[in-house]
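> Just the structure for this:
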Amino acid sequence: MRRHPRCVGLAAPQVGSLLRVAVMDATGHPKVKSSRGLLVLVNAQILKAEGDLIQREGCLSVPDLTGNVRRFKRIFLRAYDEQRQMRQFELDGFESIIAQHEMDHLEGKLFLDRVENTAMDVFRRRNYAA
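Numbering: from 1, shown residues only. Prediction:
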């Protein structure tokens, strides 16, 4: 995750592992005012979800495309951390989207599976200067 500019999350299946582990860190991303820092989510479950929003998403697994995806605006989530401690999180906005995106990978889904209209809502990724 740290090797790719603007990458804010990674799930175990993206690196060839079948573990139900995802990591996320939105620190310094322009869509986040303040971040919780690195979160390690093991066997994560969404307990409750509220609201919805549509936001552009991209993914290392589909590097040339982005798409508009509808997600929950706020989620209440339970997961084990890297010390095997059960933790609960309330994630809002962009951090909520990151967690949902990474949890989708654990279910074998990509953001493209959630795009409502592929003709209108999928785009070629812009090239960012390194």
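> so where's the protein uncertain?
Scanning the chain for pLDDT under 70 picks out 127-130.
> Would you map the strands across it?
According to DSSP state E, the chain carries its strands in the segments 9-11, 21-24, 39-59, 62-80, 86-92, 122-124.
> Which of the ones you listed sits closest to residue 102?
Each of the strands of the chain was scored for nearness to residue 102 using C-beta to C-beta, and the closest is strand 21-24 (3.7 Å). Every residue, glycine included, has its C-beta placed from N, CA and C.
> how about the CA coordinates for the closest one, as PDB?
Extracted in PDB, the C-alpha atoms of strand 21-24 (Å, rounded to 0.1, in the frame of the first residue of the first chain):
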ATOM      1  CA  VAL A  21      -7.400  -9.000   6.500                       C
ATOM      2  CA  ALA A  22      -7.400  -5.500   5.200                       C
ATOM      3  CA  VAL A  23      -5.400  -2.400   6.000                       C
ATOM      4  CA  MET A  24      -6.300   1.200   5.500                       C
END
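> Any chance you could list what contacts that strand?
With contacts defined as C-beta atoms under 8 Å, 6 or more residues apart in numbering, strand 21-24 is touched by 1, 8-12, 38-42, 44, 95, 98-99, 102-103, 105-106.
> what residues are up against residue 79?
Remark: with contacts taken as C-beta under 8 Å, 6+ apart, residue 79 is in contact with 41-45, 86-87, 89.
> same thing but 7 Å
For residue 79, the contact set (C-beta atoms under 7 Å, 6 or more residues apart in numbering) comprises 41-44, 87.
> So which of these is surrounded by the most neighbours?
Neighbour counts for these peak at residue 41, which has 25 neighbours (criterion: other C-beta atoms under 10 Å).
> I'd guessed residue 35 sits against residue 9; true?
No. Using C-beta atoms under 7 Å, residue 35 is not in contact with residue 9; the gap is 11.7 Å.
> ok, the two, which is more surrounded?
For residue 35 versus residue 9, neighbours defined as other C-beta under 10 Å are more numerous around residue 9 (24 against 17).
> Now do the most centrally placed residue in the chain against residue 112, distance only.
Among the residues of the chain, the smallest C-alpha distance to the mean C-alpha position (C-alpha atoms, centre = their mean) belongs to residue 98, namely 2.4 Å. When C-beta to C-beta, to the nearest Å is applied, the distance between residue 98 and residue 112 equals 17 Å.
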